[in-house]
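Chemist: My questions concern the predicted model and sequence given below.
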Amino acid sequence: MTASDQCLFCRIVRGDIPATVVYKGDGITAFRDISPQSPVHVLIVPDVHIGGVADLDLANDELIGRLIRVAANIAREEGIGASGYRLISNQGADAGQSVPHLHVHLLGGARLRLPLV
Ligand code: DGP
């Protein structure tokens, strides 16, 4: 059994667990967060299992560039391209990362608050 057999987001990418998928292609899958924190809340993930930003290496540079560009395209499709949005990738305990598969949160559709603490 590999890490991806047990990984929640790997299982969503494979279609083993249902999710509302809004984009799939070029090694990237995006789906709506099950517990949205803003009117638009989409998770953009690489299809390949990467634990988080701390696990990225040089070989992932193109993938990450694509992932951010896909996030911006989804923001436009969701109607928040002009109003604005936030991209977040939580890494580790202090950031509250709960799923150890790299993901970028696309949040928008309302005025987002800062500071976070
Ligand atoms: P993070 O806390 O940064 O690791 O974000 C994980 C997100 O994943 C969190 O906002 C909730 C979401 N999530 C957890 N389980 C599921 C699930 O089964 N389906 C979907 N669509 N989202 C999930």
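Modeler: Received, thanks. Numbering: from 1, shown residues only.
Chemist: Tell me which other helices or strands the helix or strand hosting Arg76 touches.
Modeler: Using DSSP states H and E, Arg76 falls within helix 61-77. In terms of contacts (3 or more C-beta pairs under 8 Å, 6 or more residues apart in numbering; DSSP states H and E), helix 61-77 is packed against strand 21-25, strand 28-32, strand 40-46, strand 85-88, strand 104-108. To be clear about C-beta, it is placed using only N, CA and C from the backbone, and glycine gets the same treatment.
Chemist: contacting residues around stretch 3-21?
Modeler: Stretch 3-21 is contacted from outside by 29-32, 34, 43, 45, 47, 49, 99-101, 103, using C-beta atoms under 8 Å, 6 or more residues apart in numbering.
Chemist: so Val104 sits right up against Tyr85, yeah?
Modeler: No. Counting by C-beta atoms under 8 Å, Tyr85 is not a contact partner of Val104; they are 11.0 Å apart.
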